[in-house]
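Participant: when you get a sec, could you give me coordinates for this:
(chains A and B)
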Amino acid sequence: EPEVTQTPSHQVTQMGQEVILRCVPISNHLYFYWYRQILGQKVEFLVSFYNNEISEKSEIFDDQFSVERPDGSNFTLKIRSTKLEDSAMYFCASSGTSFSYNEQFFGPGTRLTVL
Amino acid sequence: GDSVTQMEGPVTLSEEAFLTINCTYTATGYPSLFWYVQYPGEGLQLLLKATKADDKGSNKGFEATYRKETTSFHLEKGSVQVSDSAVYFCALSSIQGAQKLVFGQGTRLTINP
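Facilitator: Okay, here's the model as predicted:
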């Protein structure tokens, strides 16, 4: 069964460093998402991506964040200068082969720890 | 903006007990509603969904009915098992735009044998 994969499973970084979180969505999907979950809190939407551009972003997704689909299979989230409060579990999701509701399939997440 | 409010946890039950986890929502228009489950150390899995009023979603013995008049989507199961121990998230998705998911705060469920 196709699945969304994410690497690494755990990333530890120093404050101020850049990190890139990687995701491989399900191959025929068209819509891609990043969410985050700070420990013990709700899952929050960060950004959605369709047709090689951002379709929606939350207020959390400021200039420190960027997304890219560099090669038609990977979907990456970059945080340019990490802060302590960026420590969270980051989930990638993908959906859809057409613009109507489709289930979002989630990856297992990357736990980011900023020291 | 859209929001989801879930019953506060944690919830602890004995095996074979009846489960209800309450969920209410606020949204413009007619969103789709979902329950996701997160088992320890894993990502989010879709448990069930309903896309219009009065629809009932069901899966693995869990059920939830989309109630537009009370803006609710309560999760129920008649007889829980130890393997149901997990965190349950209620969520909605607007039919407009990028269809992002808006999640409730999650309810941790523990089932004791």
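
Participant: make it CA atoms for all contacts and neighbour counts henceforth
Facilitator: Fine.

Participant: any chance you could map the strands in the chain?
Facilitator: Went with chain A since none was named. Counting by DSSP state E, one finds strands in chain A at the ranges A:5-7, A:10-13, A:19-24, A:31-37, A:43-50, A:53-57, A:65-68, A:75-79, A:88-95, A:105-106, A:110-114.

Participant: right idea, wrong chain: chain B
Facilitator: Along chain B, counting by DSSP E, strands occupy B:3-6, B:11-14, B:19-21, B:23-26, B:32-38, B:44-50, B:56-59, B:62-65, B:75-77, B:86-93, B:101-103, B:107-112.

Participant: wait, what's in contact with the closest residue to A:M89 other than its chain neighbours?
Facilitator: Leaving out its chain neighbours, the residue that sits closest to A:M89 by C-alpha to C-alpha, 6 or more residues apart in numbering or on different chains is A:R111, at 4.3 Å. Counting by C-alpha atoms under 8 Å, 6 or more residues apart in numbering or on different chains, A:R111 makes contact with A:S9, A:H10, A:Q11, A:S87, A:A88, A:M89, A:Y90.

Participant: re the thing from before, Throw the strands of chain B into JSON lines and include mean pLDDT, distance to chain A and mean neighbour count, thanks.
Facilitator: As requested, the strands of chain B are arranged in JSON lines below (pLDDT from 0 to 100; distance: least, C-alpha to the nearest C-alpha, whole Å; neighbours: other C-alpha atoms under 10 Å in any protein chain shown):
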{"stretch": "strand B:3-6", "mean pLDDT": "94", "distance to chain A": "10", "mean neighbour count": "19"}
{"stretch": "strand B:11-14", "mean pLDDT": "96", "distance to chain A": "15", "mean neighbour count": "15"}
{"stretch": "strand B:19-21", "mean pLDDT": "97", "distance to chain A": "16", "mean neighbour count": "19"}
{"stretch": "strand B:23-26", "mean pLDDT": "96", "distance to chain A": "14", "mean neighbour count": "20"}
{"stretch": "strand B:32-38", "mean pLDDT": "93", "distance to chain A": "8", "mean neighbour count": "23"}
{"stretch": "strand B:44-50", "mean pLDDT": "93", "distance to chain A": "6", "mean neighbour count": "20"}
{"stretch": "strand B:56-59", "mean pLDDT": "96", "distance to chain A": "13", "mean neighbour count": "16"}
{"stretch": "strand B:62-65", "mean pLDDT": "98", "distance to chain A": "17", "mean neighbour count": "21"}
{"stretch": "strand B:75-77", "mean pLDDT": "98", "distance to chain A": "18", "mean neighbour count": "20"}
{"stretch": "strand B:86-93", "mean pLDDT": "94", "distance to chain A": "8", "mean neighbour count": "25"}
{"stretch": "strand B:101-103", "mean pLDDT": "93", "distance to chain A": "6", "mean neighbour count": "23"}
{"stretch": "strand B:107-112", "mean pLDDT": "95", "distance to chain A": "10", "mean neighbour count": "19"}
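
Participant: the ones you listed: which one's closest to A:S66?
Facilitator: Nearest to A:S66, of all the strands of chain B, is strand B:101-103, at 19.5 Å by C-alpha to C-alpha.

Participant: now for that closest one, which elements pack on it?
Facilitator: Judged by 3 or more C-alpha pairs under 8 Å, 6 or more residues apart in numbering or on different chains; DSSP states H and E, strand B:101-103 is in contact with strand A:43-50, strand B:3-6, strand B:86-93.

Participant: again, only using 6 Å
Facilitator: Judged by 3 or more C-alpha pairs under 6 Å, 6 or more residues apart in numbering or on different chains; DSSP states H and E, strand B:101-103 is in contact with strand B:86-93.
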